[in-house]
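Student: sequence unknown, structure follows:
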């Protein structure tokens, strides 16, 4: 059977209609992985000395790190610290005059990016073939 | 072929910034005690980067500049001085040359007072990307 332009067009249209729905869980899982890894890293980081007598600011920052998937049907997620800890989050991520930057969100994002790209490729291929 | 050395790329960045007048640049560790009109470069180790046929050819080195001032205005001035010195500049060293160094969009943080010090200082941070290729 010849694969005609009309058939390619039909396949593309069908795949386009499905792709967003099929990718939404991949995006949510990717966001979850990034938030989880960044949280673990912030929690474990030795950026600031940990003292038993004080509330540990890093732990507080880590507990306020997460992701927000407001509409599970679209492909937008927000990953980061809650708005309540903006100043602390900046200090943890970017450091100060005497502390080095933590950069944990970016590190987690960079580690997830290739896995995410691979999964997007797999889903795309699956939708095309289905 | 060996990966490009992050150390030499970072050295070129710091050397370029050290040429800024009235601002002193440090690598990773600032002066003790911390002082205004200083910039600290915090580099990441760098990632291999490149084209399809040679994915490890280049080195993408991300780094942060932490610009410090004794007032908020001085911190912003220090940041401006650093930006004027390095933004869109191509750096070179032994065996490599970079594409124009660029600030990563949206990475600039608002000026913030660092209260962890006896005398508070103000800091402005921004993140940059230097992509080096073999020369």
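Tutor: Right, received. Where do you want to start? Fair warning: this is a prediction, and the values are worked out from it, not measured in the lab. Residues are numbered from 1 along each chain as shown, chains lettered A, B, ... in the order given.

Student: Now look at the lowest-mean-pLDDT helix or strand in chain A and say if it contacts chain B.
Tutor: Least confident element among the helices and strands of chain A, by mean pLDDT, DSSP states H and E: helix A:57-63 (a mean of 85). No. Interface with chain B: helix A:57-63 contributes nothing (Cβ under 8 Å from any Cβ of the partner chain), its closest point being 10.0 Å away. Bear in mind the C-beta positions are built from the backbone N, C-alpha and C, glycine included.

Student: for that helix, which positions count as buried?
Tutor: Within helix A:57-63, the residues that qualify as buried are A:58, A:61, A:62, counting by 16 or more other Cβ atoms under 10 Å in any protein chain shown.

Student: Surely the first one and residue A:45 touch.
Tutor: Yes. Because the distance of 6.3 Å satisfies Cβ atoms under 8 Å, residue A:58 is recorded as touching residue A:45.

Student: tell me the contacts of residue 29?
Tutor: I went with chain A, as the question did not name one. Counting by Cβ atoms under 8 Å, 6 or more residues apart in numbering or on different chains, residue A:29 touches residue A:119.

Student: That was the other one, I meant chain B.
Tutor: The contact partners of residue B:29, by Cβ under 8 Å, 6+ apart, come to residue B:40.

Student: same check, this time on residue B:91
Tutor: By Cβ under 8 Å, 6+ apart, the contact set of residue B:91 is B:9, B:12, B:13, B:16, B:97, B:98, B:101, B:130, B:132.

Student: got the residues of chain A near chain B?
Tutor: Residues of chain A lying near chain B (Cβ under 8 Å from any Cβ): A:87, A:90-91, A:94-101, A:103, A:106, A:110.

Student: what about the strands in the chain?
Tutor: Here I'm looking at chain A. Taking DSSP state E, the strands of chain A run over residues A:65-68, A:78-81.

Student: ah, no, chain B please
Tutor: B:24-27, B:38-43, B:47-51, B:54-69, B:92-93, B:96-98, B:102-103, B:112-114, B:121-134.

Student: No further queries at this time; thank you.
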